[in-house]
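> give the three-dimensional model of this entry:
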Amino acid sequence: MSKEGIPYFTPGEYQRRYEAVRALMDQEGADALLVFGHSGNRQHYQAHVHYLAHAAPRHECYLIFPKRGEPVLFTTHYNHLASAKEVSVIPDVRRSGRDAAGAVAAELKKRGFASIGVVGDVFYQAMDALRRDLPSVRWKDLTAPCRLLRSRKSDEEIAFQRKAALGVDAAMDALIRELRPGASERDLLVATEKAAWDAGCEPVFLYLNSTPMAASESCVPNQNVSRRKIRMGDVLNTELTVGYGMYTAQILRPFFLGEPTPAYARLYEVAKAVHDRVAGVLKAGATAQEVHDATGLIAESGFTIVDGLIHGFGVDILPPSIRCTLFTPPAPFTFEKNMTVVVQPNPTTKDEKMGVQLGELGLITEGGFEPMHRLPAEVVRVG
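From the prediction side, this is the model:
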């Protein structure tokens, strides 16, 4: 087998992660972590396993990561073992079989852990079996603190996301070249995927909707790309994500084919204003409440939103998740240097038939929000 072209971090980066995770275990009183992963949502649910093992099997897996001693990764599918062993930075990778709880419980029992932190959304059948087989163990959900830990990016992680951002930019360039009356939504998808691969990255997804501005039927990018043909007078909303070594970047751009209708011009005006206000607030030390307060124009303009307005990003969606002033204020959160977030205001009419979405991935710095993409944060007009 070959690992040619598979991106890796340095040994020092993994040492940094392991020290941070073990410090968290000390803080939480855990002897070990049991990290669960599966392939759902484009392998987002493998993010914790990948963070520690550089492996993201296409089926369920369990990583035992002790405070002292060597970790072990169990993969549940027999034919996935060889690939997991090939890419993992953890030497001990084993086959558990489909009913993994018994093998995992036996290993935990052998090591004698008294307190175990669980990371990830473990299937309830497996968790019930583990509790039954290990009745004296104290279990604690440490998913949230591990997600917060992963939201603080190292220089190496930021470099991966910058490479992913270059892939996004190349894919968006291809979409713009392909976008014309008569092209189908699927044509745009194919063009972006090829461009992402050609840039040395991996396509993750293109969400897209196209609808006539004068008779609009949808307000936000769709997850199912159709074969509908693009026409003059359309509006398109796009959400484009590309990865490099599973680290991702994302851009969201609206497109007007021709002159926008007054209603769509107003939606875009609000989206642009809120984007710029939120970006102007973001910096190290800013709070989630300050960002939330900067979104008030959406409600004042009589619109709502149907998506989040800002979220952390990496391999998966990370803290914080913030909506606009129409919704419950966010939990307390302070932005830190080297966090990466996606700003994506999506003002939408209350009947959800019209909307635009504008945004991109950026880096939190001491001085502000630094976009990682070169395409300006503005609507793209065609014709």
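> CA atoms for contacts and neighbours, from now on please.
OK.
> domains in the chain, by residue range?
Domain assignment for the chain by automatic domain parsing gives 11-151, 155-382.
> return the most buried member of those domains.
Each of those was scored by mean neighbour count; the highest is domain 155-382, a mean of 20, by mean count of other CA atoms under 10 Å.
> how far away from the center of its chain is that domain?
Centroid separation between domain 155-382 and its chain, computed with CA atoms, centre = their mean, to the nearest Å, is 13 Å.
> let's number from 54 now, not from 1
With the count now opening at 54, the last piece we talked about shows up as domain 208-435.
> start to end distance for that domain?
Terminal residues of domain 208-435 are spaced 38 Å apart (CA to CA, to the nearest Å).
> quick one: low-confidence ranges for the stretch 254-403 of the chain?
The model of the stretch 254-403 of the chain has no residue with pLDDT under 70.
> next one: residue 370 from residue 363, what distance?
In terms of CA to CA, residue 370 sits 10 Å off from residue 363.
> before we move on, which element is residue 328 in?
According to DSSP states H and E, residue 328 maps onto helix 315-334.
> for that helix, which helices and strands make contact with it?
helix 341-346, helix 349-353, strand 393-396, strand 400-401 (3 or more CA pairs under 8 Å, 6 or more residues apart in numbering; DSSP states H and E).
> so which of the domains of the chain comes closest to residue 58?
The closest of the domains of the chain to residue 58 is domain 208-435. By CA to CA, the value is 8.6 Å.
> circling back: ok, which of the helices and strands packed on helix 315-334 comes nearest residue 374?
helix 341-346 (8.7 Å).
> ok, residues contacting that closest one?
The contact list for helix 341-346 (CA atoms under 8 Å, 6 or more residues apart in numbering) reads 331, 334-335, 373, 375-378, 382-388.
> and those residues, which of them are in strands?
The strands, defined by DSSP state E, take in 373, 375 from the contacts of helix 341-346.
> between the contacts of helix 341-346, which is closest to residue 140?
residue 373 (30.4 Å).
> what's the distance between that closest one and residue 130?
34 Å.
> what's the answer for residue 394, then?
Residue 394 is 34 Å from residue 130, by CA to CA.
> same check on residue 364?
Distance of residue 364 to residue 130, computed by CA to CA: 33 Å.
> please apply the same query to residue 300.
Counting by CA to CA - residue 300 and residue 130 are separated by 25 Å.
> and the pLDDT for residue 54?
If you check residue 54, the pLDDT there is 58.
> wait, I meant residue 58
86.
> before we move on, what about the one 3 residues further on?
Model confidence at residue 61, expressed as pLDDT, equals 95.
> over to residue 70?
On the pLDDT scale, residue 70 is placed at 98.
> what's residue 429 sitting at in phi/psi?
phi -60, psi 150 (degrees, to the nearest 10).
> so how far is residue 325 from it?
Taking CA to CA, one finds residue 429 at 11 Å from residue 325.
> now the helices for the protein?
Assigned by DSSP state H, the chain shows helices spanning 64-81, 93-96, 100-106, 134-140, 153-164, 177-186, 196-204, 208-231, 238-251, 315-334, 341-346, 349-353.
> what helices or strands is the third one leaning on?
When you say that, I think you mean helix 100-106. When contacts are defined as 3+ CA pairs under 8 Å, 6+ apart, helix 100-106 sits against helix 64-81, strand 85-90.
> middle-most residue in this structure, spatially?
In the chain, the residue lying closest to the centroid (CA atoms, centre = their mean) is residue 369, at 2.9 Å.
> and the gap between it and residue 103?
Distance from residue 369 to residue 103, counting by CA to CA: 11 Å.
> what does residue 325 give?
From residue 325 to residue 103 the distance is 36 Å (CA to CA).
> ok, residue 58 - how many residues close by?
Using other CA atoms under 10 Å, residue 58 has 8 other residues around it.
> quick one: it and residue 249, what's the gap?
Going from residue 58 to residue 249 by CA to CA gives 14 Å.
> likewise for residue 101?
Applying CA to CA, the value for residue 101 to residue 249 is 25 Å.
> for residue 290, same thing?
According to CA to CA, residue 290 and residue 249 sit 19 Å apart.
> quick one on the thing from earlier: for the helices of the chain, give me TSV that also has distance to residue 271.
Below are these laid out as TSV (distance: least, CA to CA, whole Å):
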stretch	distance to residue 271
helix 64-81	43
helix 93-96	23
helix 100-106	32
helix 134-140	41
helix 153-164	43
helix 177-186	37
helix 196-204	32
helix 208-231	20
helix 238-251	14
helix 315-334	12
helix 341-346	25
helix 349-353	18
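> between those, which gets nearest to residue 122?
Proximity to residue 122, assessed across the helices of the chain by CA to CA, is greatest for helix 153-164 (9.4 Å).
> tell me the mean pLDDT for stretch 415-430?
97.
> gap between the two ends of it?
Start-to-end, stretch 415-430 (CA to CA) is 11 Å.
> could you find the closest non-adjacent residue to residue 372?
Using CA to CA, 6 or more residues apart in numbering and skipping residues adjacent in sequence, the residue nearest residue 372 is residue 365, 5.0 Å away.
> so the one you found bridges to which residues?
For residue 365, the beta-bridge partners are residue 371, residue 394 (DSSP bridges).
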